[in-house]
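Participant: A structural model of the following input is requested.
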Amino acid sequence: ASMSLDADDDFVLAKILKPEGSQDIPLGTPIAVAVSELEHVAAFVGYTPPAESTQTQQESTPAAAAVDQTSPAPAAVPDQEKRQTETESKRSDAPIARVEAPASQADVGGGAGEIPFEDLPATKFQRVSAVRLLEAKQTIPHFYLHGECVIDKMMELRKEFNAEQEKMKTKSSSASSNSVKLSVNDFVIKAAAAAMRDVPEVNAQWMEDRVRQFRRVDVSVAVMTSAGLITPIVFGADGLRVSEISREVKSLALLAKENKLRPEQFMGGTFTISNLGMFGVRRFTAVVNPPQAAILAVGGSSRDVLGVNEDGASVQVGNVMRVALSCDHRVVDGAVAARWMNAFKHYASNPISILM
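Facilitator: Down below sits the predicted model:
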């Protein structure tokens with residue numbers, strides 16, 4: 001994430017101590033030197049912070065120098081030497097010994113039973129996500145509701161809107177810059193926000209001794225980047241038009257993939273949507289994103305039989321989208337979750353109602 005810092009006074013940047021891209025910098029570590037006058041810059045050409053220089057000296061000192069030369073280590077007792085040799089011999093023959101290869105070794109021998117491997121460093125996002133997801137599964141009592149939405153009207157409305165946008169682009173260059181192409185996910189976000197407005201009990205979080213219920217719906221949208229999964233937020237989604245949601249999502253996704261999101265753009269939110277339908281996944285369940293109380297997992301759509309017509313000789317066929325709602329049972333009970341799911345299905349199946 002990119003952190004912005006506004007200085008209270010004018011200054012000259014004399015030296016950068018931590019270059020761009022540095023990771024895992026402890027809190028309070030100096031990252032740059034600023035001076036009030038330009039002529040003072042030369043004094044800091046070779047400057048190294050005291051703590052860092054001390055650490056560098058310690059690292060450069062041979063390990064043997066730390067040993068007290070006046071107190072030599074006692075020689076190993078023969079029996080101890082023998083036991084140690086036997087233990088090391090057994091350990092080298094054990095399968096677990098092969099796992100102790102250096103992390104930088106990309107390819108481990110080709111002997112029988114040895115599996116080549118490569119250790120890839122985890123990104124900061126991956127490490128943070130690992131901690132939060134483990135915490136979520138261990139501390140949040142999850143339960144799941146599954147639903148199916150007939151989205152024929154949504155797909156038809158999306159098709160008509162995008163076709164109209166294309167016509168406007170060909171007629172006017174100014175309209176081209178303001179045009180937007182709607183996706184199914186844009187309608188899903190709007191439908192979820194509208195359902196939150198109808199069932200505000202889901203738009204909440206657990207606060208140990210109370211439940212905090214929010215008056216605005218801020219939808220976090222899961223975006224996959226090269227650094228890992230991140231959830232930029234569409235603030236006030238319940239008050240935005242579908243076209244406005246579409247523009248905001250595209251802008252946030254681009255910032256996320258370029259690693260330019262500010263912390264306030266992805267930290268928070270009151271509800272999360274994770275959509276894997278575009279990857280061909282029909283259904284899945286997701287882990288609640290703490291401190292939120294619910295997350296919607298959106299799968300793909302397919303042409304399914306909806307029922308038999310009154311004549312009994314033909315069937316109704318439609319596009320069905322499968323979703324799963326994961327809830328924190330401390331905040332949301334089954335009946336409330338069912339009300340939310342029914343509201344979402346209504347808005348997803350009748351999208352004209354969320355455009356009015």
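
Participant: who's the most centrally placed residue in the chain bridged to?
Facilitator: What sits nearest the mean C-alpha location of the chain, by Cα atoms, centre = their mean, is Ile230, with 2.4 Å. Counting by DSSP bridges, Ile230 forms beta bridges with Val223.

Participant: what do you get for Val12?
Facilitator: Residues in a beta bridge with Val12, per DSSP bridges, are Val35.

Participant: Distance check, it against Thr231.
Facilitator: The gap separating Val12 from Thr231 is 39 Å, by Cβ to Cβ, to the nearest Å. Glycine gets a C-beta too; all of them are placed from N, C-alpha and C.

Participant: what about those two, which has more around it?
Facilitator: Taking neighbours as other Cβ atoms under 10 Å, Val12 and Thr231 compare with Thr231 leading, 24 against 13.

Participant: Surely the more buried one is in contact with Ser220?
Facilitator: Yes: between Thr231 and Ser220 there is a contact at 3.9 Å, judged by Cβ atoms under 8 Å.

Participant: Overlap in contacts, those two.
Facilitator: Phe266, Gly269, Thr272, Asn289 (Cβ atoms under 8 Å, 6 or more residues apart in numbering).

Participant: Counting neighbours, what do you get for the nearest residue to the second one once chain neighbours are set aside?
Facilitator: Same thing as Gly269. Closest residue to Gly269 apart from its sequence neighbours, by Cβ to Cβ, 6 or more residues apart in numbering: Ser220 at 3.5 Å. Applying other Cβ under 10 Å, we find 24 residues neighbouring Ser220.

Participant: Just checking: what are the partner strands of the host helix or strand of Ser220?
Facilitator: Ser220 is part of strand 219-221, with elements assigned from DSSP states H and E. Applying DSSP bridges, strand 219-221 is found paired with strand 233-234 (antiparallel), strand 271-275 (parallel).

Participant: Can you tell me the closest non-neighbouring residue to Asp24?
Facilitator: Take Asp24 and drop its neighbours on the chain: the residue closest to it by Cβ to Cβ, 6+ apart is Lys124, 7.4 Å away.

Participant: for Tyr47, same thing?
Facilitator: Lys15 (5.7 Å).

Participant: Right, I'll call it a day here.
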